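1. mind looking at a prediction? Sequence and model below.
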Amino acid sequence: MKKITFVLIFLFLNVYSQFKLNYTDIQLEYRNHYTHKNYFEVSKIINENEEEYADFIFSKKDSSLVSIHFKKSKGYSGIDAKKLINKFIVDFSPTKVKTWENWSLYYDEKNKILLIKAFENYSSEKIKEINITIDSEIISNMLLNLFNSGINFNK
């Protein structure tokens, strides 16, 4: 009976460990270039022909996904960007919006999601980069910096 219990515990621990990310394996397999002490970044090629890349930022504390950064050399159309955003965010309805010449910031206060779109050549036709963040520390720092610089949001 003790052997069966030991085997079951071993199997349970082995299966559980498969859900955790091994940082050293990720660092060896992907380029890891985000140097914040609380996060690590994994980059992935989505479409090599269109030079489309994604950077996924994970928390070192619990391996949860905190931010995604998409970049495409040819740029995303408005429809492509909306499809991409809907793929990763459920029920996104921004309550605060701020637009500059070449980028826009959208903040959903209810779901605590920050979305930033960077446009190509100061034109809102092509979106060059999309950044989605759900980390409260990153969001509060970004909003605090904007507030301290005197920037007001449109509602």
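-> Right, received. Where do you want to start?
2. rest of the way, CA atoms for contacts and neighbours
-> Will do.
3. can you show me the strands along this structure?
-> Assignment of strands within the chain using DSSP state E yields the ranges 39-47, 52-59, 65-76, 96-99, 103-108, 113-119, 127-133.
4. quick one: average pLDDT of the fifth one?
-> So that's strand 103-108. Strand 103-108 carries an average pLDDT of 89.
5. could you list the buried residues of stretch 81-89?
-> Buried residues in stretch 81-89, defined by neighbour count with 16 or more other CA atoms under 10 Å: 81, 85.
6. likewise for stretch 127-137?
-> Buried, per 16+ other CA under 10 Å, within stretch 127-137: 127-135.
7. just for this protein, where's the confidence low?
-> Counting by pLDDT under 70, the ranges of the chain that qualify are 1-36, 122-123, 153-155.
8. can we see that at 50?
-> Filtered on pLDDT under 50, the chain yields the residue ranges 6-8, 10-21, 23, 31-32.
9. quick one on the thing from earlier: want to try TSV for the buried residues of stretch 127-137, with distance to Tyr53 as columns?
-> Converted to TSV, those look like this (distance: CA to CA, whole Å):
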residue	distance to Tyr53
Ile127	14
Lys128	11
Glu129	10
Ile130	11
Asn131	12
Ile132	14
Thr133	17
Ile134	19
Asp135	21
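10. distance of Ile89 from Glu101?
-> Taking CA to CA, to the nearest Å as the measure, Ile89 falls 25 Å from Glu101.
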